[in-house]
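Chemist: Following is a predicted model, sequence given first.
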Amino acid sequence: MIEVQDLTKKFNGKTVLRGITLQVKEGEIFGYLGPNGAGKTTTMRIILGLLKPTSGRALVFGKELGDSDDLRRRVGVLLESDGLYERLSPYENLDYYAQLYSVSDIEEKIKNLLNFVGLSDRQNDRVGVFSKGMKRRLALARSMIHEPDVLFYDEPSAGLDPEAQKLVRDLILRLAREKGVTIFLNSHDLDEVQRVCSKIAILQRGKIKTYDTVENLRRKFSKPAIEIALDNDKEAEKALDLLNSLDYVFECERDGLSITATVKDEKTSTILGALIKEGIRVEEVKKARESLEDIYLNIVRQSEKRI
Amino acid sequence: MSSMNMTLVVARKEIRNIFRNKGLLFGGLWIGGMFGVLNVLLSGQVFSFNNTVFSVALLVGVFVGSMFSAQVFLREKREKTIETILCTPPSLKSIWFGKVLGATIPAYFFSLLGVTLVTIIANIMMRSLLLPSLAILTHILGVVPVFIASAISFIGLCQFLLGMRENKIITYLIILVLFPFMYPSIFSGLIQGNMNVVVSWSEVVVCLIGSMLLLSLTTYLSRYLSKEKIITTIP
């Protein structure tokens, strides 16, 4: 569905993308992660046909999007800008895009979408008076007006309140599960990516550092950790000292009465024994998993150290 | 949908957007109305009706057109809405023509408004029936819209191709070049001492040739216009 092969992009002699290769299958939600300036937006712009690659190619449905007007009808976008006209109403904005995409039954589709994003009672107000969150919700509706097969979302939840963020997440999942829409998601929001994406790529300085499913990444990069809940401050202090002295404990982090320790795999079970042996009163011990955020930060930091 | 239809969809949106912008409308009314009126009032004894109509039609159209093209091309680029539009099915050419058409029609409307005001006030002042000559009528109905469209396509092309700083310089240049001509009676009076030179067919033809040349230049330069050029000059 989306195929990027050995993509390189240079701007005024400066290399921004270095041999990006990735593939997104039909119905997949793909998360494209990376720090600011890593090249995420440039990759998306090349796939969308807004920029020409210096070398390599980016195909959607086997063709370059920039070359095919008809193919662009099957693609929806939500970029950094909402792509809305502030002096027009939500209805007029959606009507304009519906005409550009040659949509049929415009009125009914606009009505349904405005209802879906909770803006039907504001359909005749000027978009200029809307809050950032309302504009983003309208932009989401705009991106779906022509019922695309592929959606490119660049930071879709940026600036949204938690409720609206959830709406975006649910929408992305529904589109992929119920309608089989393929979604290419550029995001900084690791929690969002973790919840919705099946596959991710982490980009740094124009190069893909890792590219796999979220589960595989966890398996590959996550170190085993345990979370220990203690009875009181004194016990927590004692436990922290003990854990720091054990050679099979890599890292310890205390948060109130809870301590998270990263340990060597085979030693996980022996920690409890060591604590009890020292007479430390443990309330609860459970295995913890590193979040995508930890994995992401580890990968980014590791590659920065290498540079 | 054909590319012509897409052009009309874009043009309709631009016209609607311009007529919703109160600041822009006020600017258009001020230039179209007030400058036309001032040209008549300030001309005093040396008033030449056809000369005033000739220049008001052209200059008001181009000046207001340059204001509208800033809204249609530059603003959309500054607010990055153009990025989303470039991802839609219409070709860059259709979007481009739609925008030129969408800025030309309202600019021509204000040009006609200026001409109407000049005609009404001149008739009141002179207390006799003054109507434009056939050459001037041809100028207003045939040459002026083409000239406005050529000027808007050229300005719009620059606004799409160049960065924000360069565009600022172009805006100042437009104001500096056009503003003195906005008062033809004063400007002409200063240079010639009077306004008795009657506009003839030759001036009308020169204007038409001028607009054609500008259009040719824009067509030639438009080969450098690409989505990449627009995207990489977004601030």
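Modeler: The structure has been received and is ready for your questions.
Chemist: check contacts around the most centrally placed residue in chain B.
Modeler: Centroid-nearest residue in chain B: B:Val62, 2.4 Å away (criterion: CA atoms, centre = their mean). The contact partners of B:Val62, by CB atoms under 8 Å, 6 or more residues apart in numbering or on different chains, come to B:Ala107, B:Phe147, B:Ile148, B:Ala151, B:Leu178. Quick note: C-beta positions are derived from backbone N, CA and C, even for glycine.
Chemist: Quick check: buried residues in stretch A:235-245?
Modeler: For stretch A:235-245, burial by neighbour count (16 or more other CB atoms under 10 Å in any protein chain shown) applies to A:Glu235, A:Ala236, A:Lys238, A:Ala239, A:Leu240, A:Leu242, A:Leu243.
Chemist: Tell me how far the last one lies from A:Asn186.
Modeler: Put plainly, it is A:Leu243. 39 Å (CB to CB, to the nearest Å).
Chemist: follow-up on the earlier one: which ones among the contacts of B:Val62 map onto helices?
Modeler: Under the assignment DSSP state H, the contacts of B:Val62 contribute B:Ala107, B:Phe147, B:Ile148, B:Ala151, B:Leu178 to helices.
Chemist: of these, closest to chain A?
Modeler: B:Ala107 (17.8 Å; CB to the nearest CB).
Chemist: wait, isn't that closest one in contact with B:Gly65?
Modeler: Yes: counting by CB atoms under 8 Å, B:Ala107 touches B:Gly65, with 3.6 Å between them.
Chemist: okay, and the common contacts of those two?
Modeler: By CB under 8 Å, 6+ apart, the residues touching both B:Ala107 and B:Gly65 are B:Ile148, B:Ile152.
Chemist: Give me the three-state assignment for A:Pro156.
Modeler: At A:Pro156, secondary structure determined by DSSP: H, G, I helix; E, B strand; the rest coil is coil.
Chemist: ranges for the helices of chain A?
Modeler: A:40-47, A:69-72, A:90-100, A:106-116, A:132-144, A:162-179, A:190-196, A:214-221, A:233-245, A:268-277, A:292-306.
Chemist: Nearest to A:Asn12, out of those?
Modeler: Distance to A:Asn12, taken as CB to CB, is lowest for helix A:40-47 among the helices of chain A, at 13.4 Å.
Chemist: Quick one: mean pLDDT for the closest one?
Modeler: Average pLDDT, helix A:40-47: 94.
Chemist: Quickly check: that helix near chain B or not.
Modeler: Yes: applying CB under 8 Å from any CB of the partner chain, one finds that helix A:40-47 is in contact with chain B at A:Arg45.
Chemist: Run a quick neighbour tally on A:Lys63.
Modeler: Residues lying near A:Lys63 (other CB atoms under 10 Å in any protein chain shown) number 12.
Chemist: got a list of what it touches?
Modeler: So A:Lys63 contacts A:Leu71 (CB under 8 Å, 6+ apart).
Chemist: Quickly note the distance from it to A:Met1.
Modeler: Counting by CB to CB, the gap from A:Lys63 to A:Met1 is 12 Å.
Chemist: Same check on A:Lys135?
Modeler: Per CB to CB, A:Lys135 is found 29 Å from A:Met1.
Chemist: show me the contacts for the closest residue to chain B within the stretch 1-150 of chain A.
Modeler: Residue nearest to chain B within the stretch 1-150 of chain A (CB to the nearest CB): A:Gly83, separated by 2.9 Å. By CB under 8 Å, 6+ apart, the contact set of A:Gly83 is A:Val77, A:Tyr97, A:Ala139, A:Arg142, B:Lys80, B:Thr81, B:Glu83, B:Thr84, B:Ile85.
Chemist: hmm, try it at 7 Å
Modeler: Contacts for A:Gly83 (CB atoms under 7 Å, 6 or more residues apart in numbering or on different chains) come out as A:Ala139, A:Arg142, B:Thr81, B:Thr84.
Chemist: Endpoint to endpoint, stretch B:212-231 covers what distance?
Modeler: One end of stretch B:212-231 sits 29 Å from the other (CA to CA, to the nearest Å).
Chemist: can you pull the buried residues of that stretch?
Modeler: B:Leu214, B:Leu215, B:Thr218, B:Ser222, B:Leu225, B:Ser226, B:Lys227, B:Ile230, B:Ile231.
Chemist: dump the residue contacts of A:Gly118.
Modeler: Contacts for A:Gly118 (CB under 7 Å, 6+ apart) come out as A:Arg137.
Chemist: Residue ranges of each domain in chain A, please.
Modeler: Chain A breaks down into these domains under automatic domain parsing: A:2-219, A:223-287.
Chemist: Show me what from chain B comes close to chain A.
Modeler: B:1, B:6, B:9, B:13, B:16-17, B:20-21, B:79-81, B:83-84, B:86-91, B:227-228, B:231 (CB under 7 Å from any CB of the partner chain).
Chemist: From those, list the buried ones, please.
Modeler: For the residues of chain B next to chain A, buried by 16+ other CB under 10 Å: B:6, B:9, B:13, B:16-17, B:20-21, B:79-81, B:83-84, B:86-90, B:227, B:231.
Chemist: any idea which helix or strand comes after the lowest-mean-pLDDT helix or strand in chain B?
Modeler: Across the helices and strands of chain B, mean confidence by mean pLDDT, DSSP states H and E is lowest for helix B:184-192: a mean of 46. Downstream of helix B:184-192, the next assigned helix or strand under DSSP states H and E is helix B:201-221.
Chemist: Thank you kindly, that will do.
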